[in-house]
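Trainee: Sequence first, then the predicted structure, then my questions.
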Amino acid sequence: MDYKYSVKENWGKTSSDQFIKHEDRVKFHIEGHPGNVWVTEDNVHGGQWIARHSAVAKTKSQAQTIVTDIIDAAKDTWDNDNVDGESSAEKITRLGPKPTDITLP
Amino acid sequence: MATYKVTKGTPVAFRDSAYPTTYPSPHEGELFYNSSSGAFQFIGVGAGAWSSGGDLNTARRVYDNGAGTLSAGLIFAGYTTTAVANTESYNGSSWTETGDLNTARHVSAGDGTATAAFCVGGTSSPKVNNEHFNGASWTEVGDLNTGRIGLGATGTTTASLAFAGESPGGDVAITELFNGASWTEVGDLNQAAYLRGSAGTSTASLVFGGQPGPGSTAFFALTESWNGNSWTEVADLNTARASGGSSGISTAALFFGGSTPPNSDSALTEDWNGTAWTEVSDLSTAQEDLGGEGTSTAAFGTGGNPQIAGTEEWTVAHAVKTIDVS
């Protein structure tokens, strides 16, 4: 499957519209990643979704850089967020597991 | 030599545009003629998908702290940069802050409705606290016998079930039943674990997935069914994982998102039909530590790690499909 990459803030849902609609999900593949990066299936419906939202197109490399930078920052935040006397298990319970790398499709 | 026979049928009807395509439609499988496009169309089988919902007011990890339905939901507790007491109600479109819990907590669990919910257990140290929500405020009621974190909970404020989780001594299989006044230990789970998904009532519950302690990558696919007296192992999840969102009842449940080895966020959604799990449409965004409630055909998943405000809504609908004869 071929993909397109774009950036757009997810504004969720209003009384009259949704950022991602049920029918969008039926028509094309879409997945969200850190940094408001959206990976959409490269077909007419995915293209229409990007146009509808005026999302900013990115190359795969550019999109991957955005995601990686955010994950790296999240790893640093996780490493530096410590409480005196806290065990490793307690830290994971408090913060969740340390963020892991994401490779865009 | 080929032979041909004439078939004579009844002209296909025009579809009334008001025919419902919301699931389950009595018109599934019906064939229509669209005079505008000159095409034959039909109402296809129902298919589930996740779409965008309204954002939480307080972005946070929610875990299993939810109650209610897609159109009348409730989320409480969680973790921002600390455990919180916030409670928010959902009307199917937007979240509104309402009365806080008396005790801020994280990796607690709860169930019920948006106007009658309960919340038990949680951090920082494993809590025994049990609180009831009346639609406006929370009140402390009878404590659990065993304090724990990352537990599961199903039922109502007058008939609650709390099970699994982690206590200072490690993972527990303990199940407790609340009768509206106090908790009593009942039959243990077969597998002690924490961060398991759950669905159902105090007399018919389902628990699935989980992991054996923080930091472990030995995730479980195990599913157990509660009949009011004891837990029985039933069919496994297709993908072992922990800390996902869940909704439904013991015979029709949904498990979505979560963490998969080695602690990667997952977008997977699986549907339980009472016998087996089937993979269905993914969340749009892989997520763990999200909260969820509703049914297997109408549910919400919200929050997540780290400090997520987004909500996704699971609905099942029938697509009107066009028959291509070109």
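Mentor: Arrived safely, thanks for sending.
Trainee: which ones are touching residue 22?
Mentor: This is for chain A. B:49, B:51, B:315, B:317 (Cβ atoms under 8 Å, 6 or more residues apart in numbering or on different chains). Backbone N, C-alpha and C define where each C-beta goes, glycine included.
Trainee: right idea, wrong chain: chain B
Mentor: Taking Cβ under 8 Å, 6+ apart, one finds B:317, B:318 in contact with residue B:22.
Trainee: if I look at it, how far off is residue A:53?
Mentor: Residue B:22 sits 25 Å away from residue A:53, going by Cβ to Cβ, to the nearest Å.
Trainee: Repeat that for residue B:88.
Mentor: Noted for residue B:88: a distance of 26 Å to residue A:53, by Cβ to Cβ.
Trainee: swap in residue B:264?
Mentor: From residue B:264 to residue A:53 the distance is 27 Å (Cβ to Cβ).
Trainee: ok, now residue A:45?
Mentor: 13 Å.
Trainee: How about the residues of chain A by chain B?
Mentor: A:10, A:12-15, A:18-26, A:30-33, A:74, A:88-90, A:92-100 (Cβ under 8 Å from any Cβ of the partner chain).
Trainee: who's the most centrally placed residue in chain A bridged to?
Mentor: Computing the C-alpha centroid of chain A and ranking residues by Cα atoms, centre = their mean puts residue A:33 first, at 1.2 Å. Per DSSP bridges, the residues bridged to residue A:33 are residue A:37.
Trainee: you'd agree it is up against residue A:65?
Mentor: No: the criterion here is Cβ atoms under 8 Å, and residue A:33 misses it with residue A:65 at 11.8 Å.
Trainee: Quick one: name whatever helix or strand follows the lengthiest helix in chain A.
Mentor: Longest helix in chain A by number of residues (criterion: DSSP state H): helix A:60-80. As assigned by DSSP states H and E, the chain's next helix or strand after helix A:60-80 is helix A:88-95.
Trainee: Look up how far residue B:215 lies from the residue of chain A most remote from its centre.
Mentor: Within chain A, residue A:85 marks the point farthest from the mean C-alpha position, 33.8 Å out by Cα atoms, centre = their mean. Noted for residue A:85: a distance of 17 Å to residue B:215, by Cβ to Cβ.
Trainee: Just say helix, strand or coil for residue A:24.
Mentor: Assigned with DSSP: H, G, I helix; E, B strand; the rest coil, residue A:24 falls in the helix class.
Trainee: I'd like to know how many residues surround it.
Mentor: 22 (other Cβ atoms under 10 Å in any protein chain shown).
Trainee: ok, now which ones touch it?
Mentor: Here residue A:24 is in contact with A:30, A:45, A:49, B:51 (Cβ under 8 Å, 6+ apart).
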